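Asker: Sequence and predicted structure, then a few things I'm wondering about:
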Amino acid sequence: MSAATPIKLEVPTDFGCTEEHALLRAEARRFLSERLPIAELRKLADAGVGFDRALWKELAQLGWVGLVFPEADGGAGLGWLHVEIVMEEMGRRLVPGPFLASLLAGVAIAESGSNAQRERLLPAIASGDLVATIALCEAGGVFEADGVGATAEAVDGGFLLRGQKTHVICGTDAGLVVAPFREPSGRIALFAVELPATGVSVEAEVCIDPTRPTARVGFDGVRVAAQARLDGDGAAAWHAMLVRGFAALAAEQVGGAESVLLITRDYAVARKQFDRQIGFFQAVKHPIVDMMCGIELARSLATGAAAALDAAAGRTAPGPPSHQDAGAETLARMAKSMVSDVYCNAVRKGVQLHGGYGFTWDCDVHFYFRRAMWSRSMLGDGIHHRRWLAERLFEG
Amino acid sequence: MSVRPDETESKENAEFRREARAWIAANKPAHPGFKLPQSFLEVESERQFTFLREWQRKVFDAGYLGLDWPAEYGGKGDPLKRQRIVSQELNRAGAPFLVNVIGLQWAGPTILAVGNEEQKKRYLKPILSAEEIWCQGFSEPGAGSDLASLSTAAEATADGWLVTGHKVWTTLAHFAKWMILLARTDQAAHKYAGISYFLFPMDAPHVTVQPLVKMSGEGGFNQVIFDKAPMPKSALLGQLGQGWQIAMTTLTFERGAAEGTGGGQSTPTESSARAVAKLAARVRREGHLAAGDAVIRDRAAQLWIEEEALRLTGQRARIAALNMDDRPLATRLMNKLVFSELGQRLSEFACEVLGPDATLWVGDPQAPDKAEWPRAYMNSFGVTIGGGTSEVQRNIIGERVLGLPKTK
């Protein structure tokens, strides 16, 4: 992360893309279009069901929840380009539930858990039996390791945890939460806390996106066993997890923006005013084209970030000389920054170009609107990531 | 820190890249000491032209041009990848651009695609060697975005045609030996069907080339007036009345949607956002370095993001599985629009960073970087307008890629 690291963003020429990736995309698209048409999602949203256990089990059975977990830990041992594809397809359908949170919780455990911790937790997460989530934020929107204020203190044979975590995805349904705490040494440690637990308060937030329910989770002097503390370097594991989170959420956002583009395009073709399809008018046509260009650019960054992560992990041959992991982080932040703006632009134009209908609950665009708002603000928006990127651009 | 080799490039290509890089380093000409044009759109003086032509000739003689063109027409018959490597290395080295751009990238690939054997044998090699420079006669005073409404006419005679009309924005016409020319050959036919495509000899009689001065004050840009200018039968490219389709082929190359290059595309590899960041590290605004200004940093980072996104989009365009199956051409067709508008925003942003000194123009001894930035900003409109305006590009993408109703 040093600013002196040269900026080289090369990803493999072919992005490490194989036939297997194309098959995964086709499978994901078919499954989700049958399982979660927008009418079905509407039913869940209207009923306030942000977590559907049956759907969750199906996703786990497809092998998606443990997609990148090592095979030895019950995962599929696949790479981040696979995740990019699955997330993009899920973003298109606004799949509700804790997928992102479970994926990231698993990544943190895979990164820094002991053998015993991995064996105990990862297979259960991958199978869908244990719903895991991640406590990303604290008050003030802090989410990078530097700002963690919650504390962990060693007490005879265990730890005492104190602090407030916010915006915890599916917090009320989770059986496990992974969260960073600061130890008296000043170092960050990650804890995997099984829920419910004495002293842990879980209170549902009223979230703008009904398909992505969140909660405030308070640790009010919670006593946990020593084995709840993940073994490795907490700050490094948290950072590694965040970088993957930027890429994964960016991919999901690309998918959502893609759906808004298609919905809006179809409406511009179907809707007539002044005796013409409104898509004839350049005031309608050109913003839709700009929407598409933004999405395609952002998709390249999200795909590039995933490909760079795979190259960094030695899964694929890297592109021309570079320090690959620095490249992956740069691309992941670029992707999260750009697609956050692209998705929000798409929903803004999407509502506007639908006219009065776009302003109603009946029009599907507002579901995407909500998800776009949520996604922009989570895991760092453009303002956040551009500050980091500027360090590298100006000092690199 | 570990630096791994590019394992995706074959041994042979990696070796070829090393050779090309070494040759360019050893042969790249020193700056001649007079103002050089920023692109092929601004070549105004004889000495600029001669300097650039000699450089292209040298590159060709060394075997680094026309690599993917067939050997019988002066090329080498190698895969396109080889030419791409040379272009990347030329850009990396900051070498001067290859002046016969219209020949190398538009006329040449079009002749290769639709020309007859005689035409390929006649025209292609002198394009590579820069012996014969090409210009383009498409736009007219009354036919810009609506190119098919062009009125320049070619009237058939016993041994060819007589051309009468008026072409504008003809870059390099004052140095050109040939012009790719669109002219109406059938007044009665539908406007698209009545056009034919010619390879017109610029040394024919009754042709007047008049310089046009661009908003930057620079030349390099012309209008060409034809008053019954003769051309032989062999000037016709493709079939009579096929001009519109062939013109679309040329425009596909021109807009970078298809790679047909004999080489020499001048896309800088050094990030332009990086160049602006370096600029901001030298410029003081109200007593502080511009590079320390949070707003400037944010905007520079945004431009950097978009640059990388565009670069990766070019890379992704070549991989079918990573493109949307309902719009496989989107990533190619958007290139010209995004590239030109991003370049324009970058150069305008650089001017803003410069503050009051952005107003110092070419010739002022205090002008930062010899006024390269305001000049680049003005010249950027050549790219957002030339080859089909951004507005026309949006129509094309909206209609052909997204299936929106047609404007015309």
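Answerer: Great, that's in hand.

Asker: Dihedrals phi and psi, B:W134?
Answerer: phi -120, psi 150 (degrees, to the nearest 10).

Asker: Run the contact check for stretch A:336-356 versus chain B.
Answerer: Yes - using Cβ under 8 Å from any Cβ of the partner chain, stretch A:336-356 reaches chain B at A:S337, A:M338. In short, each C-beta sits where N, CA and C put it, glycine included.

Asker: What residues sit buried inside that stretch?
Answerer: Residues A:336-351, A:353-354 are the ones in stretch A:336-356 that count as buried (16 or more other Cβ atoms under 10 Å in any protein chain shown).

Asker: can you check stretch A:68-81 too?
Answerer: A:V68, A:F69, A:D73, A:G74, A:G75, A:A76, A:L78, A:G79, A:W80, A:L81.

Asker: same deal with stretch B:361-373?
Answerer: Across stretch B:361-373, burial judged by 16+ other Cβ under 10 Å covers B:A367, B:P368, B:A371, B:E372, B:W373.

Asker: still on that earlier bit, can you lay out the buried residues of stretch A:68-81 as a markdown table showing secondary structure, pLDDT and distance to B:V114?
Answerer: Putting the buried residues of stretch A:68-81 into a markdown table (DSSP: H, G, I helix; E, B strand; the rest coil; pLDDT from 0 to 100; distance: Cβ to Cβ, whole Å) gives the following:
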| residue | secondary structure | pLDDT | distance to B:V114 |
| --- | --- | --- | --- |
| A:V68 | coil | 96 | 50 |
| A:F69 | coil | 96 | 55 |
| A:D73 | helix | 95 | 59 |
| A:G74 | coil | 95 | 59 |
| A:G75 | coil | 96 | 54 |
| A:A76 | coil | 96 | 50 |
| A:L78 | coil | 96 | 46 |
| A:G79 | coil | 96 | 44 |
| A:W80 | helix | 97 | 44 |
| A:L81 | helix | 97 | 39 |
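
Asker: For the residues you listed, work out which two are farthest apart.
Answerer: Put simply, by Cβ to Cβ the two of the buried residues of stretch A:68-81 set farthest apart are A:G74 and A:L81, 21.0 Å from each other.

Asker: can you confirm A:H21 is in a strand?
Answerer: No - A:H21 is assigned helix when assessed by DSSP: H, G, I helix; E, B strand; the rest coil, not a strand.

Asker: What distance do you get for it to chain B?
Answerer: 6 Å (Cβ to the nearest Cβ, to the nearest Å).

Asker: Surely that residue and A:G79 touch.
Answerer: No - if you go by Cβ atoms under 8 Å, A:H21 and A:G79 don't touch, sitting 9.1 Å apart.

Asker: quick check, the longest helix along chain B touching chain A?
Answerer: For chain B, the helix that runs over the most residues, judged by DSSP state H, is helix B:294-316. Yes - under the criterion of Cβ under 8 Å from any Cβ, helix B:294-316 makes contact with chain A via B:294, B:297-298, B:300-302, B:304-306, B:308-313, B:315-316.

Asker: What's the mean pLDDT across stretch A:375-386?
Answerer: The average pLDDT within stretch A:375-386 is 97.

Asker: Show me what that stretch is in contact with.
Answerer: The set of residues external to stretch A:375-386 that reach it, using Cβ atoms under 8 Å, 6 or more residues apart in numbering or on different chains, is A:136-137, A:141, A:143-144, A:167, A:242, A:245-246, A:249, A:252-253, A:256, A:333-334, A:336-338, A:340-341, A:343-344, B:297-298, B:301-302, B:305.

Asker: Parallel or antiparallel, which strands does the host helix or strand of A:D220 pair with?
Answerer: Assigned by DSSP states H and E, A:D220 belongs to strand A:214-225. Sheet pairing here is set by DSSP bridges, and for strand A:214-225 it gives strand A:158-169 (antiparallel), strand A:200-204 (antiparallel).

Asker: any idea which of these is most buried?
Answerer: Compared across those, strand A:158-169 shows the largest average neighbour count, a mean of 21 (mean count of other Cβ atoms under 10 Å in any protein chain shown).

Asker: average model confidence for that one?
Answerer: For strand A:158-169, the per-residue pLDDT averages 97.

Asker: Give me the helices and strands touching the helix or strand that that strand is followed by, please.
Answerer: Next in sequence after strand A:158-169, counting helices and strands by DSSP H and E, comes strand A:176-182. Where contact means 3 or more Cβ pairs under 8 Å, 6 or more residues apart in numbering or on different chains; DSSP states H and E, strand A:176-182 is packed against helix A:99-112, strand A:132-134, strand A:151-155, strand A:158-169, strand A:188-194, strand A:214-225, helix A:234-270.

Asker: So which of those has the densest surroundings on average?
Answerer: Buried most deeply of these, by mean count of other Cβ under 10 Å, is strand A:132-134, with a mean of 29.

Asker: follow-up on the earlier one: how far off centre is the strand holding A:D220?
Answerer: Offset of strand A:214-225 from its chain centre (Cα atoms, centre = their mean, to the nearest Å): 23 Å.

Asker: tell me the pLDDT at residue 236?
Answerer: Picked chain A for this. 95.

Asker: Switch to chain B, please.
Answerer: Reported pLDDT for B:L236: 98.
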